[in-house]
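# Need coordinates for the below:
(one chain, ligands or ions: 1)
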Amino acid sequence: MEAGLLVPSSPSSSSLSSPPPVILTQDELKKIAAYKAVEYVESGMVLGLGTGSTAKHAVDRIGELLRQGKLKNIVGIPTSKKTHEQAVSLGIPLSDLDSYPVVDLAIDGADEVDPCLNLVKGRGGSLLREKMVEGACKKFIVIVDESKMVEYVGGSGLAMPVEIIPFCWKFTASRLKKLFEDSGCVAKLRTFGEKDEPFVTDNGNYIVDLYFKKSIGDLKAASDAILQLAGVVEHGMFIDMATTVIVAGELGITVKNKK
Ligand SMILES: O=C[C@H](O)[C@H](O)[C@H](O)COP(=O)(O)O
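The predicted structure follows:
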């Protein structure tokens, strides 16, 4: 585990008063984590490019280093249409898993990280492509600000997304809810806009967000149960997939490696 202070110390020991501590915004913390992760990128790598407000900083940085000639021969595999567009705008050469079934390194954000480095992802709706790309990686670095650290999956009280096919979505949502009745599960179709239209993923599917009042216990058992339901495409629990998590907080960067 490494740690580095973000808050500058007093410039000289003779100063009578210390400068006020620098309060970083959540977005600045995300950027710090992202830039740290990009230090692991080497020329010639096939890179999984994550999605979301944290991963966006990493993709920007990769584009910048390519432009400066400090990185060369990178092939990016984007995890969403949005990241694809961003990478194209930055001139990052792109391909896909059909051509590159093994990815050297992926860098992506997360919505929750538990003490065993299990994740919740997909609050931005990109969980399926992310899981495909990040499941094909030799190394998967997760970048978060400290607000994403939780005691257990679902512990933030926010959504655990499940991508489902649109056909009879209410039926699938009620079966999902029933699976986790003991955890006080609430299942909600993700919608957007004034008309509450269903949110549609890059793959043409819907998302049902599951909210838990308490821990769902064994994550592998929960995963198996969800994936056994016909109509479910994928869920947002990324169990035992992250190899490194970089956490940026007010007191510095912490790098947690999988044991
Ligand atoms: O679908 C979205 C992805 O899983 C994101 O990586 C995740 O939601 C974290 O996003 P952000 O960095 O914007 O908090």
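
# Output the set of residues of the protein in proximity to the ligand.
Residues of the chain lying close to the ligand by Cβ under 6 Å from any ligand atom are 50-55, 108-111, 121-127, 130. Where you see a C-beta, it was placed from the backbone N, CA and C, and this is true even at glycine.

# Drop anything exposed from those.
Buried residues within these, defined by neighbour count using 16 or more other Cβ atoms under 10 Å: 50-52, 54-55, 108-111, 121-127, 130.

# and the closest residue to residue 136 other than its chain neighbours, how far is that from residue 76?
Of all residues not flanking residue 136 in the chain, residue 103 sits nearest, at 4.9 Å (Cβ to Cβ, 6 or more residues apart in numbering). According to Cβ to Cβ, to the nearest Å, residue 103 and residue 76 sit 10 Å apart.

# what is in contact with those two at once?
Common neighbours of residue 103 and residue 76, using Cβ atoms under 8 Å, 6 or more residues apart in numbering, are 47, 48.

# just to revisit the earlier point, okay, and the beta partners of the residue nearest to residue 136?
residue 137 (DSSP bridges).

# Can you name the residues that contact it?
46, 47, 48, 77, 97, 133, 134, 136, 137, 138.

# Show me the two of those that sit farthest apart.
Farthest pair in the contacts of residue 103 (Cβ to Cβ) is 97 and 138. Separation: 13.7 Å.

# what are the ranges of the helices in the protein?
Taking DSSP state H as the criterion, the chain carries its helices at 26-38, 53-67, 81-90, 127-134, 169-179, 219-227.

# show me where pLDDT drops low in this protein?
Scanning the chain for pLDDT under 70 picks out the ranges 1-16.

# Okay, domains of it per the record?
Per automatic domain parsing, the structural domains of the chain span 26-146+240-257, 160-233.

# most neighbours per residue, which of these?
Of all these, domain 26-146+240-257 has the most neighbours on average by mean count of other Cβ atoms under 10 Å, namely a mean of 20.

# Residue 135 and the ligand, how far apart?
14 Å (Cβ to the nearest ligand atom, to the nearest Å).

# What of residue 118?
Using Cβ to the nearest ligand atom, residue 118 is found at 14 Å from the ligand.

# Without its sequence neighbours, what residue ends up closest to that residue?
For residue 118, ignoring the flanking residues on the chain, the nearest one in space by Cβ to Cβ, 6+ apart is residue 239 at 5.1 Å.

# how about that neighbour, phi and psi?
Here is the backbone geometry of residue 239 (degrees, to the nearest 10): phi -90, psi 130.

# Near it, how many other residues are there?
By the measure other Cβ atoms under 10 Å, the count of residues near residue 239 is 16.

# Does it touch residue 117 like I think?
No. Using Cβ atoms under 8 Å, residue 239 is not in contact with residue 117, being 9.6 Å away.

# How about the contacts made by residue 113?
By Cβ under 8 Å, 6+ apart, the contact list for residue 113 reads 119, 142, 144, 148, 149, 150, 242, 245, 247.

# try residue 58
Contact analysis of residue 58 by Cβ under 8 Å, 6+ apart lists 34, 35, 37, 38, 49, 50, 107, 143.

# Quick check: the third one touching residue 139?
No. With contacts defined as Cβ under 8 Å, residue 37 does not count as touching residue 139, sitting 10.3 Å away.

# ok, and the closest non-adjacent residue to residue 180?
residue 216 (5.7 Å).

# what residues are up against that neighbour?
Residues near residue 216 by Cβ under 8 Å, 6+ apart: 153, 154, 180, 183, 222.

# Next: residue 86.
If you count contacts by Cβ under 8 Å, 6+ apart, residue 86 has them with 56, 59, 60.

# Go again with 6 Å.
Counting by Cβ atoms under 6 Å, 6 or more residues apart in numbering, residue 86 touches residue 59.

# Then residue 110?
119, 121, 142, 144, 148.

# try residue 234
For residue 234, the contacting residues are 127, 128, 131, 163, by Cβ under 6 Å, 6+ apart.
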